[in-house]
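**Q** Need a 3D model of the sequence below.
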Amino acid sequence: MATPIIEAEGLGVRFVRNRRRQLRIREMFIHRGGRQPNPGEFWPLRDVNFAINPGDAIGIIGRNGTGKSTLLRLIAGVLIPDEGKITVRGRVAPLLELSAGFSNDLTGRENVHLVGSLHGLSSNFLKKTFDEIVDFAGDQVSKAIDTPVRHYSSGMKVRLGFSVIAQLSHPILLVDEVMAVGDAEFRKKCYATIERLLAEGRTLVLVSHNEGDLTRFCNRGLYFNAGKLMTDGSVQDALDAYNAVVRA
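**A** This next block holds a predicted model:
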């Protein structure tokens, strides 16, 4: 039996309304003796258990606010669990937000080199593939590549971010609603890239409200509701469970 590449055991994360979440390591010292319930706290995810095998393509399904993007941030290591644990056995290529992780004060060119280097791409590799990255992002991005990204639309940032992330050889790809942004030509490029990465044996975790994208790429679905994993089965099983709640 294959060792899971991603594994959640009793996973939970806590937020406090109207307050930034404190660093978990600080909380461990301050609240060593236990914590009193806070009426302003809520758990976007709690008591979540699943295992994802290498090469799986997982669709994360649920309404807005049900912990889908939070789960991707836990897998990426951006958030630390408050309960349980998440084990990730491989490097992660994340495209999680509309800002694509870029610095607004830097140009598109500078951000390509910054984000690429942070994910382990060498300077020589980035120089060699720079034109290819920008061409993939499209004419609008190409014309603005030496402009600070604060002037980019969210779609331009996503295009350039996806172009960089597609260069990574990391075994795990996290995608959060990226294909909902951009025109038909860009989505076609995204589809071809994801299909190529899956054919190479990569593991995909995809958050999308587009049933066509979910059924096209994913062999399994996880449906979340109110912070709980309600269905872990085929994509159609998860979509059926989601749609039943929506109709109700």
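**Q** okay, CA-based contacts and neighbour counts for the rest of this
**A** Will do.
**Q** can you give me the helices for the protein?
**A** Under the criterion DSSP state H, helices of the chain are mapped to 24-30, 68-76, 108-118, 123-137, 139-143, 154-165, 184-199, 211-217, 235-247.
**Q** got JSON lines for these, with mean neighbour count, distance to I60 and mean pLDDT too?
**A** Listed next are those as JSON lines, based on neighbours: other CA atoms under 10 Å; distance: least, CA to CA, whole Å; pLDDT from 0 to 100:
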{"stretch": "helix 24-30", "mean neighbour count": "11", "distance to I60": "25", "mean pLDDT": "48"}
{"stretch": "helix 68-76", "mean neighbour count": "21", "distance to I60": "6", "mean pLDDT": "93"}
{"stretch": "helix 108-118", "mean neighbour count": "19", "distance to I60": "25", "mean pLDDT": "94"}
{"stretch": "helix 123-137", "mean neighbour count": "16", "distance to I60": "26", "mean pLDDT": "94"}
{"stretch": "helix 139-143", "mean neighbour count": "15", "distance to I60": "29", "mean pLDDT": "94"}
{"stretch": "helix 154-165", "mean neighbour count": "24", "distance to I60": "19", "mean pLDDT": "89"}
{"stretch": "helix 184-199", "mean neighbour count": "15", "distance to I60": "16", "mean pLDDT": "89"}
{"stretch": "helix 211-217", "mean neighbour count": "16", "distance to I60": "9", "mean pLDDT": "94"}
{"stretch": "helix 235-247", "mean neighbour count": "16", "distance to I60": "9", "mean pLDDT": "94"}
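**Q** Tell me which of those helices approaches L11 most closely.
**A** helix 68-76 (9.4 Å; CA to CA).
**Q** which other helices and strands contact the closest one?
**A** Counting by 3 or more CA pairs under 8 Å, 6 or more residues apart in numbering; DSSP states H and E, the packing neighbours recorded for helix 68-76 are strand 41-52, strand 83-88, strand 172-176, strand 203-207.
**Q** what's the most buried one of those?
**A** strand 203-207 (a mean of 25; mean count of other CA atoms under 10 Å).
**Q** and that strand with strand 41-52, angle?
**A** Using axes from the mean of the first three to the mean of the last three CA atoms, to 10 degrees, the direction of strand 203-207 lies 150 degrees away from that of strand 41-52.
**Q** Just the pLDDT at R19, thanks.
**A** R19 is assigned a pLDDT of 52 by the prediction.
**Q** nope, Q36 is what I was after
**A** With respect to pLDDT, Q36 has a value of 51.
**Q** start at 549 instead
**A** Sure thing, new numbering starts at 549, so read that last one as Q584.
**Q** can you tell me how far V663 sits from A624?
**A** 15 Å (CA to CA, to the nearest Å).
**Q** before we move on, what about R657?
**A** Distance from R657 to A624, counting by CA to CA: 24 Å.
**Q** again, but for R764
**A** From R764 over to A624 (counting by CA to CA), the distance is 24 Å.
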